[in-house]
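[1] Sequence first, predicted model second:
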Amino acid sequence: MAKHWADFQYEIYLNGMTGAVPRLPTDLTRLEEMAEQRLGPGPVGYVAGSAGNGSTARANRAALDRRRIVPRMLRDVHERDLSVEVLGRPLPAPLALAPVGVLSIMHPEAETAAARAAAAQGVPFILSSASSTPMEQVAEAMGDAERWFQLYWAKDREVTRSFLDRAKAAGFSALFVTLDTPLLAWRPRDLDQAYLPFLHGVGTANYFSDPAFRAGLAKPVHEDPNAAVMHFVGMFADPAKTWPDLEFLRENWDGPIVLKGVLHPDDARRAVNAGMDGVVVSNHGGRQVAGSVAAADALPRVVEAAGDRLTVLFDSGVRSGDDIYKALALGARAVLVGRPYAYGLGLDGQAGVEHVIRCLLAELDLTLALSGHSGPTTLGPDDLAEETV
Ligand SMILES: Cc1cc2nc3c(=O)[nH]c(=O)nc-3n(C[C@H](O)[C@H](O)[C@H](O)COP(=O)(O)O)c2cc1C
Ligand SMILES: CCCCCCC(=O)C(=O)O
């Protein structure tokens, strides 16, 4: 029998009999405020912030909230199984941790603690290329657990090649290429505090440890760290890239390639033509295009365009198990979550990230069961109604 993630619920109640209550709230929307009180406005502002006046982030939430679940009754749900296959890999649940850069602003153990939490819960960890920890160290912390690598597609081809070689050698099985960040967006919350973590003594050890990156520096990183950061900022992504450039990645990566940040159905068709394996329907959690379409509103059209030719994943605004349910019902195979686990990390390290994963999946398990589903594979658009007001 598959694991019932919902058992976490009674674990919490039973622990309560000895006076113990969870260290973190089980309504994950409360984490941001707690994190801000604990960690201060700079780092949490960077994590919580979004592009422009925040309308894309709000639209992400509104698009999920507007869709309502239509539960079905009297369907045997006593045995449930949340497992799904994603990119040819069996996963215990339709969830992965999204790539989030420079996690050392949240916790000294940064990506290593988050990756350990993912491994402990059997959820894939997607490591950001802008991580504060070299990818080899993260891989070592994960043993043989499922790990995927997110690539910012650098201007310098040798840096990209070096990252791909390192990721392959470190056992990352899939490549997530982020397309929505050829430039850093206009982010007022960070601008008003003049806070960009990379320039606050944090750096990104993943780049700074890379031989091809270091070859482009006039002085070693420790002699001129700000110059190293500005070199990173200037080359981490490339606004000149176009679809034919994907050929280089296809030639240099043997495993699945997923394009992150696709919102238009024509881009999904282009992904198919370019030999890609999947897309993440995402607007980067509202952090890139101010005024963008909500990710959940874009999802059905991308799913339709992809047919069975691409694995379609989803992120942006997921805060609860019922949000995951809705994304799956709209056609996503699995969902990524970003900010909630970054706050969990900031508040309680590896345990905080595990708490976030377990809350999301317990709530998903219960929402499925209470709505008449034994697992994610039977969900479809008929399980949702859309509020029109
Ligand atoms: C602080 C922060 C840093 C991020 N860094 C990256 C990154 O390095 N690479 C990337 O592809 N996406 C990055 N993202 C975007 C996430 O992968 C994801 O798309 C987004 O967080 C999903 O929205 P959510 O936070 O509402 O779950 C970052 C997001 C946040 C909040
Ligand atoms: C200037 C470097 C930007 C890295 C972007 C990290 C990210 O994806 C995000 O903040 O969002």
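    Arrived safely. The structure presented is a predicted model; accordingly, all values stated were derived computationally and were not measured. Numbering: from 1, shown residues only. Ligands and ions are numbered 1, 2, ... in the order given.
[2] Could you use CA atoms for every contact and neighbour count after this?
    Fine.
[3] Strands of this protein, start to end?
    67-69, 84-86, 89-91, 95-97, 125-127, 147-151, 174-178, 257-262, 278-281, 311-314, 334-337, 384-386 (DSSP state E).
[4] nearest to Leu103, of these?
    strand 125-127 (10.4 Å; C-alpha to C-alpha).
[5] Which other helices and strands does that closest one contact?
    strand 95-97, helix 110-121, strand 147-151 (3 or more C-alpha pairs under 8 Å, 6 or more residues apart in numbering; DSSP states H and E).
[6] Next, count neighbours for the residue in the stretch 51-200 of the chain that ligand 2 sits nearest to.
    Closest to ligand 2 within the stretch 51-200 of the chain is Gly101: 5.2 Å, counting by C-alpha to the nearest ligand atom. Gly101 has 22 neighbouring residues, counting by other C-alpha atoms under 10 Å.
[7] tell me the contacts of it?
    The neighbours of Gly101, taking C-alpha atoms under 8 Å, 6 or more residues apart in numbering as the test, are Ser128, Ser129, Ala130, Ser131, Ser132.
[8] will you turn the residues you listed into a markdown table that also has neighbour count, distance to Thr367 and pLDDT?
    Shown next, in a markdown table, are the contacts of Gly101 (neighbours: other C-alpha atoms under 10 Å; distance: C-alpha to C-alpha, whole Å; pLDDT from 0 to 100):
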| residue | neighbour count | distance to Thr367 | pLDDT |
| --- | --- | --- | --- |
| Ser128 | 24 | 30 | 98 |
| Ser129 | 27 | 34 | 98 |
| Ala130 | 24 | 35 | 97 |
| Ser131 | 24 | 34 | 97 |
| Ser132 | 26 | 36 | 95 |
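[9] want to throw the residues you listed into a markdown table with distance to Arg333?
    Converted to a markdown table, these look like this (distance: C-alpha to C-alpha, whole Å):
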| residue | distance to Arg333 |
| --- | --- |
| Ser128 | 21 |
| Ser129 | 24 |
| Ala130 | 26 |
| Ser131 | 26 |
| Ser132 | 29 |
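[10] Those residues also near ligand 2: which ones?
    Restricting the contacts of Gly101 to those touching ligand 2 (C-alpha under 6 Å from any ligand atom) yields no residues.
[11] Which of those residues fall within helices?
    If you go by DSSP state H, the contacts of Gly101 have nothing in helices.
[12] Can you report how many residues lie near the nearest residue to Glu363 once chain neighbours are set aside?
    Of all residues not flanking Glu363 in the chain, Gly321 sits nearest, at 4.5 Å (C-alpha to C-alpha, 6 or more residues apart in numbering). Other residues lying near Gly321 total 20 when counted by other C-alpha under 10 Å.
[13] That's all I had, so thanks and see you.
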